[in-house]
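Student: got a predicted model here, sequence first, then my questions.
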Amino acid sequence: PLGLVNGTAVPCVGHRYHHFSSWDTKYAQQPLLALLYPEVASDVCQSFVDQARTGGGGFARWSIGYRESGVMEGDPSSIMIAQSHALGATAFDADAALAVMAKVATTPGVESSPGFTTRPGLANYLKGGLAKIDGKADGVSGTGGRTYSQTLDYSIADFAIGRFAASRGNDELAARMLRQAQHWKAVVDPKTKMFFAQEGSGGYAESSGRAAQFMVPHNYAGLARLMGGREKAMEHFRTWPPHLGNEDNHYAPWAPNWLGGPWEAQKYQREQFVRWFSLPKGVSRYDWKWTWGDPLDAESLYAHLPGSNDLGAMTAMGVWLAVGVFPELPGETGFAVGSPLLPKVVLDRGPNGTLTILAKDAGPLRPYVKSLTVNGTPHGSSWIPGALLNRKDNVLTFEMAAEPNREWGSDPPPPSFDARPLYL
């Protein structure tokens, strides 16, 4: 069969997809798709590759009808492909995908469609750390192209490319991408030890410096050091908790796992789930201001989505919050541990088996993990390496509680990946 990509008919096996708001879907929706429907996620990844092949050679950020629209920023396709592959969606041309990734991450000016650069500001990003766009915005539209958030987006994508390259045996590219993945450090204000504040086009897409402070999932340990230590970083999280009403902060709920406070992540996630993904009958979402410690009649709640669903991005985030695990590190096979809401969830992964999550004594006001076993073996870390989930059918068994267990979750601490930035 043939698929129509960028106006060109190309041979294809399976299905081809288009219309991707990839800035929205890269963190939660695509990984959930890869976990539950690996064949579909594989076809999505191949669609990205075919679009690059028949377009300008680079991945699109936000495609409409197989063509780049230029909306938003970052390199979301690279993140989506690497994460899909790590989660078991592997039925696509991985070597061709990696070749496109390497090209768009190291070569300024690569286009996804005529007139649209895949990574605007790449030359400055490689030379000085910040992905600042000089002059014409290279096809950027919408709220994208903001220097600081674009830099953070590129850093995450580079980490994902590096992990994908390592899985394909390309150690040289993996090493370079790990260094590029540290360019987030250029966003840190040396005076405040926090990310630079919003400054017009030099700021953050649909966000701010305070809100984006934990947009470094691959190196929370390094971020905490630059902020003055884990407690300083945790204090910032408490004072300026991430806002989950939009897709820019989908990594942030699990950050406390890396900051020595996994129980704080558990409470925060449950609070956010109740606050943003449910409503009492007869109450509008504008009037629903529930926070932890307020009375809660769980029986009166019904499912609700915060704002626009953006091709399933917010639905997927609600699912991850409810099941209690999340693929925090793009391109890695493991999961960050959160707060399971339901007593039993079975994730049917198709040909890749099942992941069953059992949560004894789970409930809306019992968010804290008392203990966890992975396939019957006690587990003391808030990170579950993919190597431990090597069976066809894997089982996570939680004990939940109404009070935090501060002794659980940091033995050993979750992994972080540091290196000397390429621009230094």
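Tutor: Looks like it came in fine.
Student: scan the protein for its longest helix.
Tutor: Looking across the chain with DSSP state H, the single longest helix is helix 147-167.
Student: so what secondary structure elements neighbour the following helix or strand past that helix?
Tutor: Of the helices and strands lying after helix 147-167 in sequence (DSSP states H and E), the nearest is helix 171-180. Under the contact definition 3 or more CB pairs under 8 Å, 6 or more residues apart in numbering; DSSP states H and E, helix 171-180 sits against helix 94-106, helix 147-167. Where you see a C-beta, it was placed from the backbone N, CA and C, and this is true even at glycine.
Student: redo those helices as TSV? Include distance to A174 and mean neighbour count.
Tutor: Formatted as TSV, those follow (distance: least, CB to CB, whole Å; neighbours: other CB atoms under 10 Å):
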stretch	distance to A174	mean neighbour count
helix 94-106	10	20
helix 147-167	4	27
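Student: figure out which of those is closest to A28.
Tutor: Smallest distance to A28 across the helices and strands packed on helix 171-180 (CB to CB): 13.7 Å, for helix 147-167.
Student: circling back to that earlier point, what is the longest helix of the chain packed up against?
Tutor: Helix 147-167 packs on helix 76-86, helix 94-106, helix 122-128, helix 171-180, going by 3+ CB pairs under 8 Å, 6+ apart.
Student: off-centre distance for it?
Tutor: Its chain's C-alpha centre and that of helix 147-167 lie 11 Å apart, by CA atoms, centre = their mean, to the nearest Å.
Student: what mean pLDDT does that helix get?
Tutor: The average pLDDT for helix 147-167 rounds to 96.
Student: also stretch 93-109?
Tutor: On average, stretch 93-109 scores 97.
Student: same deal with stretch 337-346?
Tutor: 98.
Student: before we move on, what about stretch 317-331?
Tutor: Here the average pLDDT along stretch 317-331 is 96.
Student: now the helices and strands packed on helix 171-180 in JSON lines, with distance to V325?
Tutor: As requested, those are exported to JSON lines (distance: least, CB to CB, whole Å):
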{"stretch": "helix 94-106", "distance to V325": "25"}
{"stretch": "helix 147-167", "distance to V325": "18"}
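Student: for Y368, find the nearest of those.
Tutor: Y368 sits nearest to helix 147-167 of all the helices and strands packed on helix 171-180, at 29.0 Å, using CB to CB.
Student: just want the angle from the closest one to helix 94-106.
Tutor: Angle of helix 147-167 versus helix 94-106, following axes from the mean of the first three to the mean of the last three CA atoms, to 10 degrees, is 150 degrees.
Student: now the angle from the longest helix of the chain to helix 76-86?
Tutor: 30 degrees.
Student: mind putting the helices and strands packed on helix 147-167 in JSON lines, distance to W254 included?
Tutor: Formatted as JSON lines, the helices and strands packed on helix 147-167 follow (distance: least, CB to CB, whole Å):
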{"stretch": "helix 76-86", "distance to W254": "15"}
{"stretch": "helix 94-106", "distance to W254": "25"}
{"stretch": "helix 122-128", "distance to W254": "26"}
{"stretch": "helix 171-180", "distance to W254": "21"}
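Student: of all the ones you listed, which one comes closest to L311?
Tutor: helix 76-86 (11.9 Å).
Student: what about the chain, any weak spots by pLDDT?
Tutor: In the predicted model of the chain, residues 1-13, 66, 135-143, 199-202 satisfy pLDDT under 70.
Student: for G363, find the nearest of the helices and strands packed on helix 147-167.
Tutor: So among those, helix 76-86 is nearest, using CB to CB, at 30.8 Å.
Student: quick check: which helices or strands does the closest one pack against?
Tutor: helix 22-25, helix 29-36, helix 38-54, helix 94-106, helix 147-167.
Student: for Y17, see how far away the nearest residue to G203 once chain neighbours are set aside is.
Tutor: Nearest non-adjacent residue to G203, counting by CB to CB, 6 or more residues apart in numbering: R146, 5.0 Å away. Distance of R146 to Y17, computed by CB to CB, to the nearest Å: 28 Å.
Student: who has more neighbours, the two?
Tutor: R146 (28 against 17; other CB atoms under 10 Å).
Student: for T397, list each beta-bridge partner.
Tutor: Beta-bridge partners for T397, by DSSP bridges, are L358, T373.
Student: okay, now it: neighbour count?
Tutor: 17.
Student: surely it touches K360?
Tutor: Yes. Counting by CB atoms under 8 Å, K360 is a contact partner of T397 at 7.4 Å.
Student: export stretch 240-248 as PDB, just CAs?
Tutor: Extracted in PDB, the C-alpha atoms of stretch 240-248 (Å, rounded to 0.1, in the frame of the first residue of the first chain):
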ATOM      1  CA  TRP A 240       5.600  27.300  43.600                       C
ATOM      2  CA  PRO A 241       3.900  23.900  42.900                       C
ATOM      3  CA  PRO A 242       3.600  23.000  39.200                       C
ATOM      4  CA  HIS A 243       0.300  23.800  37.500                       C
ATOM      5  CA  LEU A 244      -1.100  20.600  35.900                       C
ATOM      6  CA  GLY A 245      -3.800  22.400  33.900                       C
ATOM      7  CA  ASN A 246      -1.500  22.400  30.800                       C
ATOM      8  CA  GLU A 247       1.000  20.100  29.100                       C
ATOM      9  CA  ASP A 248       4.200  22.000  29.900                       C
END
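Student: just the buried residues of it, please?
Tutor: Residues of stretch 240-248 classed as buried by neighbour count (16 or more other CB atoms under 10 Å): 241-248.
Student: again, but for stretch 378-394
Tutor: Buried, per 16+ other CB under 10 Å, within stretch 378-394: 379, 381-385, 388-389, 394.
Student: for it, measure first residue to last.
Tutor: End-to-end distance of stretch 378-394 (CA to CA, to the nearest Å): 14 Å.
Student: from the middle of its chain, how far away would it be?
Tutor: On CA atoms, centre = their mean, the centre of stretch 378-394 falls 20 Å from the chain's centre.
Student: ok, K370 - how many residues close by?
Tutor: Applying other CB under 10 Å, I find that K370 has 17 neighbouring residues.
Student: E39: which of the helices and strands packed on helix 171-180 is closest?
Tutor: Once the helices and strands packed on helix 171-180 are compared by CB to CB, helix 94-106 is nearest, at 15.1 Å.
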